[in-house]
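J.: give me the fold of what follows.
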Amino acid sequence: MTPDQIALAALGGLVVVVAVGSLLFVRLGRKSTDAGSSTSAGALSSRGYSGPGGGMSNFIQPPAEWRGTTLQVCGLWPYAIGAGTPMVGVPLGRHIHTGATLCCDPISWFQRAKLISNPSLFVLGKPGLGKSTAVARMAIGLAGYGVQPLVLGDLRPDYVEVIRALGGQVITLGRGRGHLNVLDPGEAKEAAQRLTEAGFPKEAGEVLEDAHGRRLAMVSSLLTILRKSPPSDVEESIVDQALRYLDRNFEGVPVLGDLLRVVQEGPEELRQVAVDRGDFAEYGVATEVARNPTLRVVPPLLGVWPLDRSLVRNSWERAGVSEQVCE
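T.: This is a model prediction of the structure:
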């Protein structure tokens, strides 16, 4: 035999030995697997069994990616348009692409649909494209759901006719148009009375104190705006005690003129705050118009907010809706 033939025969014998060894190894692995044992030394992972014969791969090659337009890959991924919005909220119209009914309002999307984290809405658009119309439609739909729309500062106005059509209340404010009583506690007294009758005196007191704090803050804010400086501690204490005196002794809803009259009369509660030491003359000096900026500022307020008693009150007792709008 030639050297080439000898080498070829040796290589063939080596291949046969490797093939037989592989078959024996696979058969032994199957037997051990059938008996409940594993040929791998490690546990199964996302990359396969670790150890000899486990097939574990240390590197997973990422799949190939291609990029294409919607027209080109529409057959591979036919969901080019997302799912429609849920049928929750005020119906606004139809989707411009799918024609499906579009429902949207911030209250329903927050409370029922859980799509947004707070019930707010920001409307932005060019003039004359329907911003006010969309908001008015939401207000009408929400009124049907039992939500009371409040339109504050409607200067154009955009929503006066809508609120009137819903049977709501329109409050016109301005010089020579309407008056705002900053001392009106609203429905706080009635709410506190209902809480007391229901056996919740602590909550009733909290409601009254909250209403008192709002009125005190409003009077102090008006004084600060007109005086260009905040009232002093003594002045704010006098106003605080005057408001409490009106709550205890005044029948009806007081106005700023009643507050001024109580300060001028000087009941015992106010004199203690002014520290007059039992001398009414000292109290008069402390509250004198020329000396005390508080009383010097109140008369201009009387001209801005006339002290007649024909003031608009909230009509919460009205059956159905009780919307309000301020022009």
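J.: low-confidence ranges, the stretch 51-200 of the chain, go.
T.: 77-84 (pLDDT under 70).
J.: please enumerate the helices of it.
T.: 70-73, 106-111, 131-144, 160-165, 188-197 (DSSP state H, counting those that start in this stretch).
J.: need these in a markdown table with mean neighbour count and distance to M218, can you?
T.: For every residue, glycine as well, the C-beta is placed using N, CA and C. Converted to a markdown table, the helices of the stretch 51-200 of the chain look like this (neighbours: other CB atoms under 10 Å; distance: least, CB to CB, whole Å):
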| stretch | mean neighbour count | distance to M218 |
| --- | --- | --- |
| helix 70-73 | 10 | 58 |
| helix 106-111 | 18 | 28 |
| helix 131-144 | 17 | 27 |
| helix 160-165 | 17 | 24 |
| helix 188-197 | 16 | 13 |
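J.: G178: which of those helices is closest?
T.: Proximity to G178 (CB to CB) singles out helix 160-165 among the helices of the stretch 51-200 of the chain, at 13.1 Å.
J.: from E265, how far off is the nearest residue to F110 once chain neighbours are set aside?
T.: Take F110 and drop its neighbours on the chain: the residue closest to it by CB to CB, 6 or more residues apart in numbering is P119, 4.0 Å away. Distance, P119 to E265, using CB to CB, to the nearest Å: 47 Å.
J.: hmm, back to that, for the helices of the stretch 51-200 of the chain, give me a markdown table that also has distance to R175.
T.: As requested, the helices of the stretch 51-200 of the chain are arranged in a markdown table below (distance: least, CB to CB, whole Å):
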| stretch | distance to R175 |
| --- | --- |
| helix 70-73 | 60 |
| helix 106-111 | 34 |
| helix 131-144 | 26 |
| helix 160-165 | 19 |
| helix 188-197 | 28 |
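J.: quick check: which of these is nearest to D210?
T.: helix 188-197 (7.2 Å).
J.: coming back round to it: among the helices of the stretch 51-200 of the chain, which is nearest D233?
T.: Closest among the helices of the stretch 51-200 of the chain, using CB to CB: helix 188-197, at 25.6 Å.
J.: who's in contact with that closest one?
T.: Contacts to helix 188-197, defined as CB atoms under 8 Å, 6 or more residues apart in numbering, come from residues P201, E203, A204, G205, V207, L208, D210, A211.
J.: narrow those residues to those that are buried.
T.: Buried by 16 or more other CB atoms under 10 Å: A204, V207, L208, A211, out of the contacts of helix 188-197.
J.: the third one: which element?
T.: In this structure, L208 is located in helix 201-227 according to DSSP states H and E.
J.: tell me the mean pLDDT for that helix?
T.: Per-residue pLDDT over helix 201-227 has a mean of 89.
J.: hmm, back to that, who has more neighbours, P119 and E265?
T.: A count of neighbours by other CB atoms under 10 Å puts P119 above the other of P119 and E265, at 13 against 10.
J.: tell me how far that one lies from G144.
T.: Going from P119 to G144 by CB to CB gives 17 Å.
J.: P106 too?
T.: Shown here: P106 relative to G144, a distance of 16 Å by CB to CB.
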